[in-house]
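In: Kindly generate the corresponding structure for this input.
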Amino acid sequence: MNYYGGKELADAFRTVRKNTIQIAEEIPENKYAFSAAPETRTVAATLAHIAVVSRLFSHVHRNKVTDMKTLDFRAFFEEFGAEENKPRSKAELIALLRSEGDAFASFLQGLPEPFLAERVTQTPGTEPATKTRFEMLLSAKEHEMHHRAQLMVVQRMLGQVPHLTRQMQERIAALTAQARR
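Out: Just a heads-up that it's a prediction; the model follows:
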């Protein structure tokens, strides 16, 4: 019996996406072309990538793919590259993050435990050679958190304190003030 099923996956993904959207809202639109280093994604491209990559996860599991080597990854990467490089305003990127996030979370929410327990053969050379659908879907959240961390570093480079850091600082300050009473 799992204690973390489709509903919990969806809730956790919604929390991660909410935090990503807050970062997107806090970075000024005139900094969306900023790139932390040569040959890395801009803020805008990173946000677009985060928004659309869940389509790959949805495709795999909606279509009940059981062997990842049957996928045309080149076609997905071309689609994602085109989406990442499509000119969009800050408002359009935030709307894309919301709509794609809502669609993916809704998909996750309805997944039954037996489906999440199914094993999928990974691409050759991947360890382990098979993963459960649960592990694969959890990696969608992990993938977004990876890129969100990059955006938090960008915020620091732009002179901003990320909201999660501010929240932690506020909690520590409140605890410190309470302890002094």
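In: Now do the strands for this protein: every range, in order, please.
Out: Counting by DSSP state E, the chain has strands at residues 119-121, 130-132.
In: Turn the ones you listed into a markdown table, including mean pLDDT.
Out: Shown next, in a markdown table, are these (pLDDT from 0 to 100):
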| stretch | mean pLDDT |
| --- | --- |
| strand 119-121 | 97 |
| strand 130-132 | 96 |
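In: As a markdown table, these with distance to residue 47 would be great.
Out: Any C-beta I mention is one placed from the backbone N, CA and C, and that applies to glycine too. As requested, those are exported to a markdown table (distance: least, C-beta to C-beta, whole Å):
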| stretch | distance to residue 47 |
| --- | --- |
| strand 119-121 | 28 |
| strand 130-132 | 27 |
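In: Could you export these as CSV, including distance to residue 93 and mean neighbour count?
Out: CSV is the format used below for the strands of the chain (distance: least, C-beta to C-beta, whole Å; neighbours: other C-beta atoms under 10 Å):
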stretch, distance to residue 93, mean neighbour count
strand 119-121, 31, 15
strand 130-132, 31, 16
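In: Nearest to residue 139, out of the ones you listed?
Out: Evaluated with C-beta to C-beta, the strands of the chain place strand 130-132 nearest to residue 139, the distance being 8.3 Å.
In: packing partners for the closest one?
Out: Packing partners of strand 130-132 (3 or more C-beta pairs under 8 Å, 6 or more residues apart in numbering; DSSP states H and E): strand 119-121.
In: So for residue 48, what's the nearest residue that isn't a sequence neighbour?
Out: What sits nearest to residue 48 in space, not counting adjacent residues and going by C-beta to C-beta, 6 or more residues apart in numbering, is residue 84, at 4.5 Å.
In: And for residue 56?
Out: Leaving out its chain neighbours, the residue that sits closest to residue 56 by C-beta to C-beta, 6+ apart is residue 76, at 5.4 Å.
In: what's near enough to touch the one you found?
Out: By C-beta atoms under 8 Å, 6 or more residues apart in numbering, residue 76 lies in contact with 55-56, 59.
In: Determine the longest helix present in this structure.
Out: helix 133-157 (DSSP state H).
In: Report the rounded mean pLDDT for that one.
Out: What helix 133-157 shows for mean pLDDT is 97.
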